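>>> Sequence and predicted structure, then a few things I'm wondering about:
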Amino acid sequence: LERRPDLLAAEHQLRATRASVGAARAAFFPQITLTGSYGSASAELDGLFEAGSRQWLLTPSISLPLWDWGLRARNLDLAEARRDIAVAQYEKSVQQAFRDVADALSARRWLDEQARIAAEARAAQTERARLSRLRYDTGSSSFLDVLDAERDLLSAQQAQVQARRAALAARVALFAALGGGTEPISSSVSASESP
């Protein structure tokens with residue numbers, strides 16, 4: 001389940017909203033900046049690069065969050081609300097993933113059983129068609145009985161194919177529900193398989 005794209009997206013969204021809460025909390029702290037510059041200064045152009053014309057300047061600055069009329073508090077509340085929403089969406093995504101897997105497992109088990117029953121029905125109809133043909137060959141039944149048996153055999157064969165297709169589709173759905181097939185193609189092919 002860790003490879004499912006929907007769970008990965010929900011997890012990344014949750015991490016982003018938690019980072020937003022941290023940024024909103026950090027806005028309550030004072031900000032200190034330090035700006036500096038270094039260069040040459042001279043009243044005359046020809047003395048600009050002489051000894052003693054070097055100058056440096058260091059400017060500290062501090063910003064205190066005193067009066068913002070509750071803006072930072074509202075931003076923090078908004079970030080926390082978005083985080084709570086992201087947590088709920090992540091939980092919903094996880095529950096949906098488990099539901100998808102449970103449904104896919106149930107469908108696979110049920111459809112595999114249906115395919116087994118369809119195979120047994122086809123085997124029974126095959127035997128019925130064989131026996132109808134033998135009875136017709138010995139003259140104890142009409143050709144209409146053979147045609148009915150072969151028609152029922154054809155229906156049983158079609159039912160078996162449909163049941164087998166549905167069982168295979170259920171296996172694909174289970175593979176997708178488990179997050180299969182989300183890796184890049186280049187990482188799934190080993191060096192021995194490449195041409």
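Perfect, I can see it now.
>>> where does S140 land in three-state SS?
Under DSSP: H, G, I helix; E, B strand; the rest coil, S140 falls in the coil class.
>>> What is the burial count for it?
Using other CB atoms under 10 Å, S140 has 9 other residues around it. For the C-beta atoms, the positions are set from N, CA and C on the backbone; glycine is no exception.
>>> need the contact list for it.
S140 sits next to no residue when contact means CB atoms under 8 Å, 6 or more residues apart in numbering.
>>> Could you list the low-pLDDT ranges of this protein?
Within the chain, the segments meeting pLDDT under 70 span 39-56, 63-66, 181-195.
>>> 80 instead, please
1-3, 26-34, 36-70, 180-195 (pLDDT under 80).
>>> in it, which spans are helices?
5-26, 71-138, 143-177, 185-188 (DSSP state H).
>>> Just the buried positions in stretch 120-127, please.
For stretch 120-127, burial by neighbour count (16 or more other CB atoms under 10 Å) applies to A121, R122, Q125.
>>> Oops, could you answer that again for stretch 11-21 instead?
Those would be E11, Q13, L14, T17, S20, V21, for stretch 11-21 by 16+ other CB under 10 Å.
>>> just stretch 92-102 next, same as before
Neighbour-count burial for stretch 92-102 [16+ other CB under 10 Å]: S93, V94, A97, D100, V101.
>>> can you tell me how far the last one sits from W110?
Right, the one you point to is V101. Going from V101 to W110 by CB to CB, to the nearest Å gives 15 Å.
>>> Please apply the same query to the third one.
Distance, A97 to W110, using CB to CB: 21 Å.
>>> Check the fourth one too.
Relative to W110, D100 is positioned 16 Å away (criterion: CB to CB).
>>> what pairs with L57 across the strands?
S37 (DSSP bridges).
>>> Can you report how many residues neighbour it?
Neighbours of L57 using other CB under 10 Å come to 10.
>>> still on that earlier bit, I'd like the buried residues of stretch 120-127 written out as TSV, with distance to L78 added.
Formatted as TSV, those follow (distance: CB to CB, whole Å):
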residue	distance to L78
A121	63
R122	64
Q125	68
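>>> now, which of these sits nearest D77?
D77 has its nearest neighbour among the buried residues of stretch 120-127 in A121, at 64.6 Å by CB to CB.
>>> Excluding chain neighbours, give the residue nearest to the closest one in space.
A156 (5.0 Å; CB to CB, 6 or more residues apart in numbering).
>>> give me every residue that touches the one you found.
The contact partners of A156, by CB under 8 Å, 6+ apart, come to A118, A121, R122, A124, Q125, T126.
>>> wait, the fifth one sits on D152?
Yes - under the criterion of CB atoms under 8 Å, Q125 is in contact with D152, at a separation of 5.2 Å.
>>> any idea how far the residue nearest to L58 when sequence neighbours are not counted lies from P30?
Using CB to CB, 6+ apart and skipping residues adjacent in sequence, the residue nearest L58 is G36, 4.8 Å away. Applying CB to CB, the value for G36 to P30 is 20 Å.
>>> Before I go, just wanted to say thanks for your time.
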